[in-house]
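J.: Please find the sequence and the predicted model below.
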Amino acid sequence: MVSADTAAAARSTPDAGPRPAAPDAVVWDMDGTLVDTEIHWFAAEGDLMEEHGLPWSHQDSLNMLGFSLEDTTRYMRGRGLELSAEQIGGELYSRVLDRIRHELPLRPGALELLVETRNAGVPTALVTNSGSELAEAVIRRLAVIAQEMDLGGEELFDLVVTGDLGLPGKPDPAPYVFAARRLAALYAERGRPGLEIGRMVAVEDSMTGIRSARESGAVVVGVANLAPLVDSGAHFLPDSLEGITLAELTRWANLPRPDTHDADTYDAGGHEANGRDAGDDEERTEDSSL
């Protein structure tokens with residue numbers, strides 16, 4: 001993990017030479033990354049199991065962190081909940097939606113960074129295992145909050161990829177690969193061809209999401225929320241997104257990366273965990289093809 005002092009020092013270091021190109025896109029996870037809805041999911045799961053006289057612990061919810069609704073319902077049925085998958089999914093969704101309408105906690109710095117990125121003209125997408133109804137409710141609320149904070153950001157995303165599109169869910173890389181291809185096609189139509197997944201930054205909070213994003217080929221920023229991300233495979237592990245700007249994402253997107261899926265992680269200063277500077281090994285590259 002990078003300390004606040006290290007992150008501040010990295011942000012204050014002047015750039016040398018030509019300004020690096022911004023990321024081709026910034027792709028966001030939703031639950032636990034942009035908004036702290038994981039607490040609503042945990043509460044809904046616990047309440048539903050309790051109502052049926054079944055045990056459910058905080059660890060059970062952590063075990064499902066970042067997984068799809070299908071995986072969660074399968075797990076709950078395995079713990080003895082005698083409802084159909086459709087019934088469990090419906091119950092969880094209705095409870096979480098109700099909680100979101102009353103309270104939508106933000107993750108520190110996330111909305112500010114999203115709006116800054118959007119206002120700079122960088123393509124953005126939301127990639128979530130949650131369904132479209134829930135994602136739309138969150139996006140609408142985020143737009144209102146952004147306006148209330150005088151951030152702007154009426155349209156926050158070019159593309160929204162949800163868990164009910166028929167794709168394999170995270171940790172499979174399919175949602176991120178799909179998002180990258182759709183963004184590339186969309187911006188090619190707008191006269192900006194050549195977007196590559198290897199130059200897209202994915203922001204995630206769970207081991208499940210990080211695995212999905214990393215295996216897609218994206219640059220992965222992991223921001224821990226309810227569970228630690230040690231050995232997660234994220235390329236960067238800032239303590240928080242608070243104070244992180246598009247300049248940081250740009251610098252991270254331009255650092256060389258290994259061509260394997262090992263957990264080679266940089267801190268916010270651009271140094272590997274073993275202390276070697278990322279710029280010391282220029283031969284390391286990563287396939288950025290879609």
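T.: Good, I have the coordinates.

J.: Quick check: buried residues in the helix or strand where residue 142 lies?
T.: Secondary structure from DSSP states H and E places residue 142 in helix 132-148. Within helix 132-148, the residues scored as buried using 16 or more other C-beta atoms under 10 Å are 134-135, 137-139, 141-143, 146. Backbone N, C-alpha and C define where each C-beta goes, glycine included.

J.: Save those as a markdown table, and put in distance to residue 234 too.
T.: Listed next are the buried residues of helix 132-148 as a markdown table, based on distance: C-beta to C-beta, whole Å:
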| residue | distance to residue 234 |
| --- | --- |
| 134 | 25 |
| 135 | 23 |
| 137 | 28 |
| 138 | 23 |
| 139 | 24 |
| 141 | 27 |
| 142 | 23 |
| 143 | 28 |
| 146 | 26 |
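
J.: which of the residues you listed lies closest to residue 161?
T.: The closest of these to residue 161 turns out to be residue 135 (C-beta to C-beta; 8.9 Å).

J.: The closest residue in space to the closest one that isn't next to it in sequence: neighbouring residues, count only.
T.: Closest residue in space to residue 135, ignoring its immediate chain neighbours: residue 162 at 5.0 Å, by C-beta to C-beta, 6 or more residues apart in numbering. By other C-beta atoms under 10 Å, 20 other residues sit near residue 162.

J.: And the strands in the stretch 51-200 of the chain?
T.: With DSSP state E, counting those that start in this stretch as the criterion, the stretch 51-200 of the chain has strands at 124-127, 159-161, 200-204.

J.: Just give the strands next to the last one in its sheet, each with its orientation.
T.: According to DSSP bridges, strand 200-204 forms sheet pairs with strand 25-28 (parallel), strand 219-222 (parallel).

J.: Output the first one as PDB, nothing but the C-alphas.
T.: It stands for strand 25-28. What follows is strand 25-28 as a C-alpha-only set of coordinates in PDB (Å, rounded to 0.1, in the frame of the first residue of the first chain):
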ATOM      1  CA  ALA A  25     -10.400   5.200 -21.400                       C
ATOM      2  CA  VAL A  26     -11.100   4.900 -17.700                       C
ATOM      3  CA  VAL A  27     -13.400   2.000 -16.800                       C
ATOM      4  CA  TRP A  28     -15.100   1.900 -13.400                       C
END
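
J.: In CSV, list the buried residues of helix 132-148 along with distance to residue 122 and pLDDT.
T.: Listed next are the buried residues of helix 132-148 as CSV, based on distance: C-beta to C-beta, whole Å; pLDDT from 0 to 100:
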residue, distance to residue 122, pLDDT
134, 25, 88
135, 20, 92
137, 25, 89
138, 20, 91
139, 18, 94
141, 22, 89
142, 17, 92
143, 18, 91
146, 16, 91
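
J.: coming back round to it: list the contacts of the helix holding residue 142.
T.: 30, 34-35, 37, 93, 96-97, 100-101, 104, 106, 111, 115, 126, 128, 130, 152-157, 160, 162, 164-165 (C-beta atoms under 8 Å, 6 or more residues apart in numbering).
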